[in-house]
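1. Sequence first, then the predicted structure, then my questions.
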Amino acid sequence: MQDYTKLKVWQKGHALTVSMYNVTSVFPRHEAFGLTSQMRRAAFSIPANIAEGCGRGANPELRQFLHIALGSASELEYYILLAKDLHFFTDKQFEALQPRINEIKRMLAGLIESVSEHPAPPH
């Protein structure tokens with residue numbers, strides 16, 4: 001078990017989640033149970049799955065949760081594109097968020113690779 005709050009990817013995922021809550025707070029009211037909810041869920045799923053994976057006992061479980069976090073990041077990437085195309089985001093907001101998501105995806109992929117290369121010692 002490791003302290004997930006010390007992982008840079010978790011820190012960036014948490015900061016992105018806070019940002020997503022802020023930017024979606026001005027979405028149209030009729031989207032509260034639609035895109036707003038989905039974007040927030042995908043965003044908080046990233047750091048939540050990193051945290052859960054770190055709380056598990058073995059690297060295969062950690063790797064599984066990191067893959068789930070990576071999937072959530074890809075899902076969020078689509079949602080911000082949709083929000084831009086629906087004019088809920090400005091191009092500038094999209095251009096600020098999109099690289100942050102890509103960075104998190106790259107970091108997760110690197111961590112998955114690292115965990116895969118260094119299996120946990122047998123108990």
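-> Looks like it came in fine.
2. Report how many residues lie close to residue 92.
-> 8 (other CB atoms under 10 Å). For the C-beta atoms, the positions are set from N, CA and C on the backbone; glycine is no exception.
3. I misspoke; the intended subject was residue 112.
-> 17.
4. Wait, residue 94 touches residue 81, no?
-> Yes: with contact defined as CB atoms under 8 Å, residue 94 counts as touching residue 81 (7.3 Å).
5. list the contacts for residue 45?
-> Listed by CB atoms under 8 Å, 6 or more residues apart in numbering, the contact set of residue 45 reads 68-69, 72.
6. ditto for residue 76
-> If a contact means CB under 8 Å, 6+ apart, then residue 76 has 16, 20, 39, 42-43, 46, 101 as its contacts.
7. check which helix or strand covers it.
-> helix 59-85 (DSSP states H and E).
8. Buried residues, that helix. List them.
-> Judged by neighbour count using 16 or more other CB atoms under 10 Å, the buried positions of helix 59-85 are 59, 61-66, 68-73, 75-77, 79-80, 83-84.
9. going on from that helix, what's the next piece of helix or strand?
-> Taking DSSP H and E, what comes next after helix 59-85 is helix 91-117.
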